[in-house]
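> everything below, folded, please.
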Amino acid sequence: MSGENCLFCRIARGELACHAVHEDDDILAFLDIHPVRPGHTLIIPRAHHVWFEDLPVDLATRITTVAQRLAREMKALYQVERVAMAYTGIHVAHVHAHVIPVHQPHDVTSAAYLRNGLDSFAMPPQATAQELGETASALRQRLAQ
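Numbering: from 1, shown residues only. Model prediction:
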């Protein structure tokens with residue numbers, strides 16, 4: 001899929017709304033609408049890249065730097081010991097890093113999503129616009145400090 005019709009490219013261009021927590025010329029960080037936990041954030045490059053291993057090194061480094069800043073603020077905001085970061089590309093063919101505050105050991109393991117067996121996947125419930133708005137506001141405030 002080209003960047004023209006890519007869901008995340010459309011979000012990066014402002015064609016589709018998101019709850020952004022960080023943005024600059026090259027990167028956009030916004031809340032996942034199906035959060036594993038409140039604060040679950042996706043970080044994407046604005047340019048269309050399908051595979052994380054194909055990211056330019058400087059861009060991958062910048063994404064990781066934003067993820068580290070988010071992780072420090074998530075630990076303080078949600079009082080968690082650990083924040084997970086993982087690149088995936090299962091549902092949208094555009095590089096995206098998940099940054100997730102971990103409240104329980106299985107928050108980011110497949111066991112939490114394979115309740116009905118190995119051939120099914122249970123998506124976390126969709127958060128409401130109000131929940132996402134409040135969460136995005138809290139994270140933006142912390143990142144602005």
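> ok, Met85 - contacts?
Contacts for Met85 (C-beta atoms under 8 Å, 6 or more residues apart in numbering) come out as Thr64, Ala67, Ala71, Ala97, His98, Val99, Ile100. Glycine gets a C-beta too; all of them are placed from N, C-alpha and C.
> residue closest to the middle of the protein?
Centroid-nearest residue in the chain, with C-alpha atoms, centre = their mean: Leu42, separated by 1.5 Å.
> the one helix or strand that residue maps to packs against which elements?
Using DSSP states H and E, Leu42 sits within strand 41-45. Applying 3 or more C-beta pairs under 8 Å, 6 or more residues apart in numbering; DSSP states H and E, we find strand 41-45 packed against helix 7-12, strand 27-31, helix 57-78, strand 96-102.
> hang on, the residue nearest to the centre of the chain packs against Ile100?
No: using C-beta atoms under 8 Å as the test, Leu42 is too far from Ile100 to be in contact (9.9 Å).
> could you give me the buried positions within stretch 10-28?
Ile11, Ala12, Cys18, His19, Ala20, Val21, His22, Glu23, Ile27, Leu28 (16 or more other C-beta atoms under 10 Å).
> could I get those as a markdown table with distance to Phe52 and pLDDT?
Output for the buried residues of stretch 10-28, formatted as a markdown table (distance: C-beta to C-beta, whole Å; pLDDT from 0 to 100):
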| residue | distance to Phe52 | pLDDT |
| --- | --- | --- |
| Ile11 | 18 | 97 |
| Ala12 | 16 | 97 |
| Cys18 | 20 | 97 |
| His19 | 23 | 97 |
| Ala20 | 21 | 97 |
| Val21 | 20 | 97 |
| His22 | 18 | 97 |
| Glu23 | 20 | 96 |
| Ile27 | 13 | 98 |
| Leu28 | 16 | 98 |
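> could you list the buried residues of the helix or strand bottoming out on mean pLDDT in the chain?
Least confident helix or strand of the chain, by mean pLDDT, DSSP states H and E, is helix 129-144 with a mean of 90. By 16+ other C-beta under 10 Å, the buried positions in helix 129-144 come out as Leu132, Thr135, Ala136, Ala138, Leu139, Arg140, Arg142.
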